[in-house]
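Student: Provide a 3D model corresponding to the input given below.
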Amino acid sequence: MIPDETVDRLLAHVRPHIQRHLAHQAVNSSQKKPFVLALTGLQGSGKTTWTSAIVRLLNEKYHFRTINVSLDDFYLPHEGLVRLRQENPSNELLKMRGQPGTHDTGLVREFFDSLTVTPANSPSEVLIPEFDKSRFNGEGDRVPREQWRRVPVSLDSSVEVLVLEGWCVGFQPLSRSAIEAKWKEAKEHVPLLEDSESGFPTRTLQNHALDSYLTINQNLQTYCDMFMGPQHLDFLVHLDTDDLANVYRWRMQQEHALHLAKNQGMTDEEVVAFVKGYMPAYELYLDSVRSGIFRPLSEEQRAHKGQARVILGRDRRVLDIVGCS
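Tutor: Residues are numbered from 1 along each chain as shown. You can find the predicted model right below:
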């Protein structure tokens, strides 16, 4: 449970941007689009918990009509994930869901299109997709459309804030030369048991072929062009830490709790293998998120955007909340 005062510290950075967006919408009332508040965070950092707290306060305390969606809920259906693996047998990164390329971009486009309300499509409704990660022995599958949550919208009652949550939201594609340079450096530096004192592997780029990263990077480019580049987002909240080894610790804590509650969950060895599938992306893209994803935009565009970094300690307690220009 995150204290309301902590969430309010974060929302103090966000609310002026929301209010400015809504004021602009009021003047241009022929079309309503929500303010897109993106939330990205390391595996196990508590993205779902933070999202729930943010949505609750925005709705109940500040009375902004707010909904949320997870990037996870746009995964390809199970048969699509299987086909993706079969069509890319040499790319280990695509053997598990999560990487750019494992999501249904058509469904993403449909969802975002439904959020824009005009006189021609008012009233209408927004369908929030859902993916059940427990199906097919944990491989997961999409929940039938008739079971998705439905949100009625109109020009008089549109969605004012969308919270888009996902582990790779905010990641920006790199040039081929930048990826090659990082990969070559990793290949030349063979880690010992581990370079950090934790013993958890946080230098992993050397574990996969260069072509695998280039494929993921191209998929990420598609995502950013379509819906999660800085031109599409209004504010980014980044749940971060000063020690990447905490990702392993946090995931293990979650799985230990799951074992106690339901007698199921991954072993510590399985957690390490699972997190290692995501670690290369952090090595490639985390620096640009930390430096600010809106920096490449023009000064005029940046004036309407915002970013905040929530720095978490080993116990997930908030060490600091820092605005990023």
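Student: I'd like the distance between the residue lying closest to residue 15 once chain neighbours are set aside and residue 234.
Tutor: Nearest non-adjacent residue to residue 15, counting by CB to CB, 6 or more residues apart in numbering: residue 62, 6.6 Å away. C-betas here are computed from N, CA, C, even on glycine. According to CB to CB, to the nearest Å, residue 62 and residue 234 sit 16 Å apart.
Student: Pick out whichever of these two has more residues nearby.
Tutor: A count of neighbours by other CB atoms under 10 Å puts residue 234 above the other of residue 62 and residue 234, at 22 against 16.
Student: Now for the more buried one: which residues touch it?
Tutor: With contact set as CB atoms under 8 Å, 6 or more residues apart in numbering, residue 234 has these partners: 17, 21, 35, 36, 37, 304, 305, 306.
Student: Hmm, residue 154 and residue 126 touching each other?
Tutor: No - with contact defined as CB atoms under 8 Å, residue 126 does not reach residue 154; the gap is 11.2 Å.
Student: Between the two, which is the more surrounded one?
Tutor: With neighbours defined as other CB under 10 Å, residue 126 and residue 154 compare such that residue 126 has more, 22 against 14.
Student: Once you drop chain neighbours, what's closest to the more buried one?
Tutor: residue 151 (4.4 Å).
Student: ok, now residue 11?
Tutor: residue 57 is the one closest to residue 11 (CB to CB, 6+ apart), at 6.3 Å.
Student: Any regions of this structure where pLDDT drops low?
Tutor: Scanning the chain for pLDDT under 70 picks out 190-198, 325.
Student: Nearest to the spatial middle of it, which residue is it?
Tutor: Residue closest to the average C-alpha location in the chain (CA atoms, centre = their mean): residue 166, at 1.8 Å.
Student: so the residue nearest to residue 15 touches residue 16, yeah?
Tutor: No - counting by CB under 8 Å, residue 62 does not reach residue 16; the two are 11.7 Å apart.
Student: count of neighbours near the closest residue to residue 295 other than its chain neighbours?
Tutor: Distances taken as CB to CB, 6+ apart put residue 302 closest to residue 295, at 7.4 Å, once the chain neighbours are dropped. If you count neighbours by other CB under 10 Å, residue 302 ends up with 16.
Student: I'd guessed residue 302 sits against residue 294; true?
Tutor: Yes - using CB under 8 Å, residue 302 is in contact with residue 294, at 5.1 Å.
Student: in the longest helix along the chain, what's buried?
Tutor: Ranked by residue count under DSSP state H, the longest helix found in the chain is helix 4-27. For helix 4-27, the neighbour count (16 or more other CB atoms under 10 Å) marks 7, 10, 11, 13, 14, 15, 17, 18, 21, 22, 25 as buried.
Student: contacting residues for the fourth one?
Tutor: Applying CB under 8 Å, 6+ apart, we find residue 13 in contact with 235, 306, 308, 321, 323.
Student: one more time with 7 Å, if that's ok
Tutor: 306, 308, 323 (CB atoms under 7 Å, 6 or more residues apart in numbering).
Student: and if you look at the second one?
Tutor: Residues counted as contacts of residue 10 (CB under 7 Å, 6+ apart) are 237, 308, 310, 321.
Student: Likewise for the fifth one?
Tutor: Contact analysis of residue 14 by CB under 7 Å, 6+ apart lists 37, 235, 306.
Student: mind running it again at 6 Å?
Tutor: Residue 14 is in contact with residue 235, counting by CB atoms under 6 Å, 6 or more residues apart in numbering.
Student: Distance check, residue 18 against residue 90.
Tutor: As judged by CB to CB, residue 18 and residue 90 stand 45 Å apart.
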